[in-house]
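Novice: Next comes the sequence, and after it the predicted model I'd like to discuss.
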Amino acid sequence: MTTAVPQPLVPASDFIRDIVEADLKSGKHAKVVTRFPPEPNGYLHIGHAKSIHLNFGIARQFDGTCHLRFDDTNPATEDVEYVDSIQEDVRWLGFDWGKNLFYASDYFEEMYQYAAELVKRGKAYVCDLPLEEVRRMRGSFQKPGEESPYRERSVAENLDLFTRMRKGEFPDGAKTLRAKIDMSSPNMNMRDPVLYRIKRARHHRTGDKWLIYPMYDYAHPIEDAIEGITHSICTLEFEDHRPLYDWTLDNGPAKCHPRQIEFARLSVEHTVMSKRKLLRLVQEGLVSGWDDPRLPTVQGLRRRGYTPEAIAEFCARIGVTKFNSSTEVALLEDCMRDDLNKRCSRMMAVLKPVKVVIENYPEDKVEELDAANHPADPSSGSRKVPFCRELYIEEDDFREVAPPKYHRLAPGKEVRLRYAYFIKLERIVKDASGKVAELRCTYDPATRGGDAPDGRKVKATIHWVSARHAAEAEVRLYDHLLSAADLGDVPEGEDFLKHLNPKSLETLKGCRVEPALAQAGPGGRWQFERQGYFCADSRDCKPGSLVFDRTVTLRDTWAKIEKGGKPR
Ligand code: ATP
Ligand code: MG
């Protein structure tokens, strides 16, 4: 499917856009430059989509640019597989970085020189303490840190040691380069943080060239400054790191000083967003891959049938704030329904079929009945649906013993078949095991496509497919990945896998769908009447072997006539 550039219904406005607008008005910046800086250590998820919409959205709105920068300063966990998927996902979401694709690892030399300059200015020193000691001596919120015995080394000695760290004269972990700030600072991040560590690890882009790697808090401001970023937007947990971001730029030879602004990260109920947890689900085979339709990954949502337009609308509706909170899945689903409702044709599909035989309908007769493609939009036309003596209806649309207020099919009761006739259940045929094999019915030829001429009413309309013409399909229904709404409520140390919803996937085989769906392939989406919105599974659906995923259920159904029935 081609995707138009998603535009939210209302132009976005939030505290970050206010800052950007003010900076443009005051002349502080002539042009806004933002960046989206993923670490290529996993697939993007809906939380990243929020950040992408914010950063690329601001650039689009204010006629600026947004860089896509791979923040690949940690060699251990990164992979080209992720680099490729991230680009694909950002494009799919509707954004384009043009020529502005960058890799933090391209700046390793510059970062090194910058650190050497900090050393020369007496702002950084080589420390021989092992990392555990550095950590222990940092103190705590209650207790100031202790100064390293190596803190007062001369500039010359520091420069010499730092150069030799680079050359590989010391084993991993033997030395670090630390900023010389303040061991009694109330902000722990300012207590002589480590800027460089020795680590012999192959980097996916620089290979074995580097033996020392910069720490994130040091590298990030330099990356931003090198690229001339004006507003460096990140999530709230970096608020306490901002003084170090500013210190790094104020104390070294930075050409500009981007402004770091924090916003609340997105978390959605009943799912996980941490890359570590997502990776575990994938690696332990608990889901079918990064694109499992139950995952909140962009690839998963996409395979599930989500559209970039609906995600754009979702990002616009959640807005951007400074308060962390959990968003209900229902909001995402509502955006999805609003979008799919407009774009999807209706189809009939029977997920749990039971056979209906219309005894007074001729054996070999077939009628082509008109079915609206979109009942609310006559311009979308209609299609022909074959009707004959043997049909399938939904198992759930029939009861052998009807409970009170049950208005669908039951012995002696009459219902309307969508776009077809009234039928009445005359008798039930069971197989040897006692299972319902057939519902023997009669139809009223006078009710074709509408109401009974004698004014008699039925209280339910149900969907159906022709047994002879229907195509067989597998249908996958999804539910929340986690039973718990919020992992924040899960006790510390408890394994989140304990909260996986064992019913998150229900696979239905032997479903029957309208013959029009027989050629369905990837990219197709429809509303299956009364069942929800579905898409052809992008991996597994082929003509002859149909597989549909339910994207989202319906908010309500046209079969509401039947009051007290459970919502679908
Ligand atoms: P990691 O733990 O690996 O750092 P991360 O989720 O921060 O995970 P990054 O690749 O560093 O992953 O994220 C890229 C950008 O996306 C960052 O700027 C980050 O702030 C933003 N981002 C990540 N998760 C969310 C989220 N849940 N909501 C909003 N923005 C997010
Ligand atoms: Mg991160």
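Specialist: Looks like it came in fine. Ligands and ions are numbered 1, 2, ... in the order given.
Novice: measure stretch 259-279 end to end?
Specialist: By CA to CA, to the nearest Å, the extent of stretch 259-279 from end to end equals 32 Å.
Novice: Show me which residues of that stretch are buried.
Specialist: By 16 or more other CB atoms under 10 Å, the buried positions in stretch 259-279 come out as 259-273, 275, 278. Heads up, the C-betas are built off the backbone N, CA and C, glycines and all.
Novice: Likewise for stretch 110-118?
Specialist: By neighbour count on 16+ other CB under 10 Å, the buried set for stretch 110-118 is 111-112, 114-116, 118.
Novice: The residue of the stretch 101-250 of the chain found nearest ligand 1: neighbour count?
Specialist: Nearest to ligand 1, among the residues of the stretch 101-250 of the chain, is T235, at 3.9 Å (CB to the nearest ligand atom). When neighbours are defined as other CB atoms under 10 Å, T235 has 15 of them.
Novice: what's the answer for the one 10 residues further on, then?
Specialist: Using other CB under 10 Å, the number of residues around Y245 comes to 23.
Novice: helix, strand or coil for it?
Specialist: For Y245, the assignment made with DSSP: H, G, I helix; E, B strand; the rest coil gives helix.
Novice: Now for the residue nearest to it when sequence neighbours are not counted: which residues touch it?
Specialist: With sequence-adjacent residues excluded and distances taken as CB to CB, 6 or more residues apart in numbering, Y245 is closest to P221, at 4.6 Å. Applying CB atoms under 8 Å, 6 or more residues apart in numbering, we find P221 in contact with 232, 245-246, 248-249, 254, 258, 260.
Novice: got the residues of the stretch 101-250 of the chain near ligand 1?
Specialist: Contact residues, the stretch 101-250 of the chain versus ligand 1 (CB under 6 Å from any ligand atom): 234-235.
Novice: typo on my end, it should be the chain
Specialist: 37-39, 41, 47-48, 50-51, 234-235, 265-266, 273, 275.
Novice: that older thread, give me the pLDDT value at the nearest residue to the residue of the stretch 101-250 of the chain closest to ligand 1 once chain neighbours are set aside.
Specialist: Closest residue in space to T235, ignoring its immediate chain neighbours: R265 at 4.2 Å, by CB to CB, 6+ apart. The score at R265 is 96. That number is its pLDDT.
Novice: Over to D377?
Specialist: pLDDT recorded at D377 is 86.
Novice: burial measure for it, as a count.
Specialist: Residues lying near D377 (other CB under 10 Å) number 12.
Novice: how close does it sit to ligand 1?
Specialist: To ligand 1, D377 is 36 Å away according to CB to the nearest ligand atom, to the nearest Å.
Novice: Look up how far R525 lies from that residue.
Specialist: Using CB to CB, to the nearest Å, we find D377 at a distance of 16 Å from R525.
Novice: and if you look at K180?
Specialist: Distance, K180 to R525, using CB to CB: 59 Å.
Novice: Over to L497?
Specialist: Counting by CB to CB, the gap from L497 to R525 is 32 Å.
Novice: Enumerate every residue touching H480.
Specialist: Residues counted as contacts of H480 (CB under 8 Å, 6+ apart) are 270-271, 329, 501, 504.
Novice: you'd agree it is in a helix?
Specialist: No - per three-state DSSP, H480 lies outside any helix segment and is coil.
Novice: L369: how many residues sit nearby?
Specialist: Other residues lying near L369 total 18 when counted by other CB under 10 Å.
Novice: so which strand or helix has the one residue in the chain that gets nearest to ligand 1?
Specialist: Residue of the chain nearest ligand 1, by CB to the nearest ligand atom: G47 (2.2 Å). G47 is part of helix 46-61, with elements assigned from DSSP states H and E.
Novice: Let me know whether L369 touches F387 as I believe.
Specialist: Yes - look at L369 against F387 with CB atoms under 8 Å: they come within range, at 5.2 Å.
Novice: which residues are common contacts for the two?
Specialist: Common contacts of L369 and F387 (CB under 8 Å, 6+ apart): A420.
Novice: one step back: could I get the phi/psi values of the residue nearest to Y245?
Specialist: Torsion angles at P221 (phi, psi; degrees, to the nearest 10) stand at phi -60, psi -30.
Novice: gap between it and Y107?
Specialist: Counting by CB to CB, the gap between P221 and Y107 amounts to 11 Å.
Novice: about what we covered before: so the residue of the stretch 101-250 of the chain closest to ligand 1 is in contact with I261, correct?
Specialist: No - the pair T235 / I261 is not scored as a contact, 10.5 Å apart, by CB under 8 Å.
Novice: With adjacent residues omitted, what lies nearest to the residue sitting furthest away from the middle of the chain?
Specialist: The centre of the chain is farthest from one residue, D454, which by CA atoms, centre = their mean lies 52.8 Å away. Among residues not flanking D454 along the chain, A446 sits closest, at 7.9 Å (CB to CB, 6+ apart).
Novice: Now for the one you found, how many residues are close by?
Specialist: Residues near A446, counting by other CB under 10 Å: 12.
Novice: To what extent is E494 buried, counted in neighbours?
Specialist: E494 has 10 neighbours, counted by other CB under 10 Å.
Novice: should've said R91
Specialist: 14.
Novice: Just the local confidence number for V80, please.
Specialist: Note for V80: predicted pLDDT of 81.
Novice: SS state for the residue nearest to P375 when sequence neighbours are not counted?
Specialist: Once flanking residues are discounted, P375 sits nearest to R346: 6.9 Å by CB to CB, 6+ apart. Per three-state DSSP, the local secondary structure of R346 is strand.
Novice: Do you know the pLDDT at R346?
Specialist: The model's pLDDT for R346 equals 96.
Novice: So which of the buried residues of stretch 110-118 are in helices?
Specialist: 111-112, 114-116, 118 (DSSP state H).
Novice: How far away from the center of its chain is stretch 537-553?
Specialist: Put simply, stretch 537-553 sits 19 Å off its chain's centre (CA atoms, centre = their mean, to the nearest Å).
Novice: distance between the ends of that stretch?
Specialist: Note: stretch 537-553 ends 16 Å apart using CA to CA.
Novice: which parts of that stretch are buried?
Specialist: 537-538, 540-541, 546-553.
Novice: will you turn those residues into JSON lines that also has pLDDT, secondary structure and distance to V320?
Specialist: Formatted as JSON lines, these follow (pLDDT from 0 to 100; DSSP: H, G, I helix; E, B strand; the rest coil; distance: CB to CB, whole Å):
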{"residue": "D537", "pLDDT": "97", "secondary structure": "coil", "distance to V320": "34"}
{"residue": "S538", "pLDDT": "95", "secondary structure": "coil", "distance to V320": "31"}
{"residue": "D540", "pLDDT": "96", "secondary structure": "coil", "distance to V320": "37"}
{"residue": "C541", "pLDDT": "96", "secondary structure": "coil", "distance to V320": "37"}
{"residue": "L546", "pLDDT": "97", "secondary structure": "strand", "distance to V320": "41"}
{"residue": "V547", "pLDDT": "98", "secondary structure": "strand", "distance to V320": "38"}
{"residue": "F548", "pLDDT": "98", "secondary structure": "strand", "distance to V320": "35"}
{"residue": "D549", "pLDDT": "98", "secondary structure": "strand", "distance to V320": "31"}
{"residue": "R550", "pLDDT": "98", "secondary structure": "strand", "distance to V320": "31"}
{"residue": "T551", "pLDDT": "98", "secondary structure": "strand", "distance to V320": "26"}
{"residue": "V552", "pLDDT": "97", "secondary structure": "strand", "distance to V320": "25"}
{"residue": "T553", "pLDDT": "96", "secondary structure": "coil", "distance to V320": "29"}
